[in-house]
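Visitor: structural data only, the sequence is not supplied:
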């Protein structure tokens, strides 16, 4: 396992789905995705939100011990791709992800 300098960061993921797919998305997040992600090195917590306007837009905020934990291409960031993951993610109408690094106190 690679050692990284501790730097607080978050991975923010926005997902939009049809209302008909909300229950399956939530079930997948809680039963498969959350435990898999939180089992990775550098992931310390996960909080999820739904848009207040009633639209099926979801936001996931993963707290990271260091930003490299969520970097694309980091071999320590890989969770198994399952048929369920593929089926749920195929229904995403729109999504994006970005790693945010905490700014130092000024």
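Guide: Done, it's in. Note that the coordinates shown come from a computational prediction; the quantities given were computed from them, not determined experimentally.

Visitor: can we go C-alpha only for contacts and neighbour counts from here?
Guide: Will do.

Visitor: how long is stretch 49-68 end to end?
Guide: Using Cα to Cα, to the nearest Å, one end of stretch 49-68 lies 24 Å from the other.

Visitor: quick check: buried residues in that stretch?
Guide: 56-68 (16 or more other Cα atoms under 10 Å).

Visitor: same check, this time on stretch 85-97
Guide: 88, 89.

Visitor: got JSON lines for the buried residues of stretch 49-68, with secondary structure too?
Guide: Converted to JSON lines, these look like this (DSSP: H, G, I helix; E, B strand; the rest coil):
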{"residue": "56", "secondary structure": "coil"}
{"residue": "57", "secondary structure": "strand"}
{"residue": "58", "secondary structure": "strand"}
{"residue": "59", "secondary structure": "strand"}
{"residue": "60", "secondary structure": "strand"}
{"residue": "61", "secondary structure": "strand"}
{"residue": "62", "secondary structure": "strand"}
{"residue": "63", "secondary structure": "strand"}
{"residue": "64", "secondary structure": "strand"}
{"residue": "65", "secondary structure": "coil"}
{"residue": "66", "secondary structure": "coil"}
{"residue": "67", "secondary structure": "helix"}
{"residue": "68", "secondary structure": "helix"}
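
Visitor: pLDDT and distance to residue 14 added to these, as a markdown table?
Guide: Below are those laid out as a markdown table (pLDDT from 0 to 100; distance: Cα to Cα, whole Å):
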| residue | pLDDT | distance to residue 14 |
| --- | --- | --- |
| 56 | 92 | 11 |
| 57 | 96 | 7 |
| 58 | 97 | 6 |
| 59 | 97 | 5 |
| 60 | 97 | 7 |
| 61 | 98 | 9 |
| 62 | 97 | 12 |
| 63 | 97 | 15 |
| 64 | 96 | 17 |
| 65 | 94 | 21 |
| 66 | 93 | 20 |
| 67 | 94 | 18 |
| 68 | 93 | 19 |
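
Visitor: closest to residue 7 out of these?
Guide: Relative to residue 7, the closest of the buried residues of stretch 49-68 is residue 66; by Cα to Cα it sits at 4.6 Å.

Visitor: name the residues that touch the host helix or strand of residue 99?
Guide: Using DSSP states H and E, residue 99 falls within strand 94-101. With contacts defined as Cα atoms under 8 Å, 6 or more residues apart in numbering, strand 94-101 is touched by 7-17, 67, 70-71.
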